[in-house]
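In: Pasting a predicted model and its sequence here:
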Amino acid sequence: MYIVHVHVEVFPEAVEAFKAASQANAAASLLEPGVVRFDVLQESEVATRFLLVEVYRVEADAAAHKETAHYATWRDKVAPMMAQPRRGVKYGNIFPLDAMW
């Protein structure tokens, strides 16, 4: 598995619009053959902070995701909402998550 955690902080006035755009992107992402999981999480104590948890079968699936129309739409729509640049952290799994799918 290839896992990406994307840390995002948005302006307070953009929270609801970011949530809507990210939910649409996540729903479309789950239809991609290489996407195992795609979560959009909002921090409980700081409502302007989000974490996208993206789980792909292989690294190439993450690259393919960035070529989709729905990703481009999301990227362009949320860019002006961000209080700071988003930060992606890549992970490889240790526990055999792939055995579950």
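Out: In hand now; what should we look at?
In: From here on, just use CA atoms for contacts and neighbour counts.
Out: Will do.
In: Need the contact partners of the longest helix along the chain.
Out: Identified as the longest helix of the chain according to DSSP state H is helix 15-29. Residues outside helix 15-29 that contact it (Cα atoms under 8 Å, 6 or more residues apart in numbering): 10, 35, 38-40, 47-48, 65, 70-71, 74, 77-78, 81.
In: Could you check how far whatever helix or strand comes next after it is from the centre of its chain?
Out: Using DSSP states H and E, the next helix or strand after helix 15-29 towards the C-terminus is strand 35-42. Its chain's average C-alpha position is 6 Å from that of strand 35-42, according to Cα atoms, centre = their mean, to the nearest Å.
In: got it, and stretch 63-81?
Out: Its chain's C-alpha centre and that of stretch 63-81 lie 10 Å apart, by Cα atoms, centre = their mean.
In: Okay, buried residues for that stretch please.
Out: The neighbour-count check on stretch 63-81 (16 or more other Cα atoms under 10 Å) flags 65, 70-71, 74, 78, 81 as buried.
In: Throw these into a markdown table and include pLDDT, thanks.
Out: Formatted as a markdown table, the buried residues of stretch 63-81 follow (pLDDT from 0 to 100):
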| residue | pLDDT |
| --- | --- |
| 65 | 98 |
| 70 | 98 |
| 71 | 98 |
| 74 | 98 |
| 78 | 98 |
| 81 | 98 |
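In: Return the member of those residues nearest to residue 2.
Out: Minimum distance to residue 2 across the buried residues of stretch 63-81 is 12.4 Å, recorded for residue 65 (Cα to Cα).
In: Okay, and the residue nearest to the spatial centre of the chain sits in which element?
Out: By Cα atoms, centre = their mean, the mean C-alpha position of the chain lies nearest to residue 52, the distance being 3.6 Å. Using DSSP H and E, residue 52 sits in strand 49-56.
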